[in-house]
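Peer 1: Sequence first, then the predicted structure, then my questions.
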Amino acid sequence: MSGRFRLMPFVFLFFVAILLGLAPDAAAQANKKSASGLPLPRFVSMGGHEVNLRTGPGLQYPIDWVYRLKGLPLEIIAEHKTWRKVRDWEGAQGWVHQNMLSGKRAFIVVDGPHTIFKRADTASRQIARAETGVVGQLLACEAGSAWCAVRADGFDGWMKREHFWGAMDGESLN
């Protein structure tokens, strides 16, 4: 019996499994939940004043970088048990323990300076100018809106999403 005929039963069973929905498909793999059950990627902020960025998910991995700015926004891109792989606004990636992160939303100004306005309208009063690297609290974003409500250095107002890092395109945050 040739090799081709020995494979026929397995090929047949594979196609039957697909028809019955027993085989994993790309859509099912894409909708897998993270270890925490929360969506990936997602934004968080640093919860501590000093956070070690490690090369792998555990204390046995070397420290690659130390962040020293509480509230800095980070994007969680992967999870392994209690460890979160994060990316910062400059693209650096590494692992931090979940206890060092906060669910509070934050932003960081990119390519500044940029204006914070009284309302979500460039014709409204200018509240403040935020330089590149200014970190603030992200208060609200409407789905599909180009604007988000922000708080930075005691100033509350509105800033265009394109001027900061810390929110997904089109994300709703209330």
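Peer 2: Now that the structure is in, tell me what you want to look at. Numbering: from 1, shown residues only.
Peer 1: got the domain boundaries for the chain?
Peer 2: Partitioning the chain according to automatic domain parsing yields domains covering residues 42-104, 107-165.
Peer 1: With distance to residue 36 and mean neighbour count as added columns, please give those domains in JSON lines.
Peer 2: From N, CA and C alone the C-beta is placed, and that goes for glycine too. What follows is those, written out as JSON lines (distance: least, CB to CB, whole Å; neighbours: other CB atoms under 10 Å):
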{"stretch": "domain 42-104", "distance to residue 36": "6", "mean neighbour count": "16"}
{"stretch": "domain 107-165", "distance to residue 36": "20", "mean neighbour count": "17"}
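Peer 1: so can I have TSV of those showing distance to residue 173?
Peer 2: Supplementary listing: the domains of the chain in TSV, determined by distance: least, CB to CB, whole Å:
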stretch	distance to residue 173
domain 42-104	9
domain 107-165	4
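Peer 1: Pipe these into TSV and attach mean pLDDT and distance to residue 34 per row.
Peer 2: Written out in TSV, the entries for these read as follows (pLDDT from 0 to 100; distance: least, CB to CB, whole Å):
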stretch	mean pLDDT	distance to residue 34
domain 42-104	97	5
domain 107-165	97	21
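Peer 1: out of those, which comes closest to residue 172?
Peer 2: Using CB to CB as the measure, domain 107-165 is the one of the domains of the chain that comes nearest residue 172, at 3.7 Å.
Peer 1: Do me a favour and get the end-to-end distance for that closest one?
Peer 2: Taking CA to CA, to the nearest Å as the measure, domain 107-165 stretches 5 Å from start to finish.
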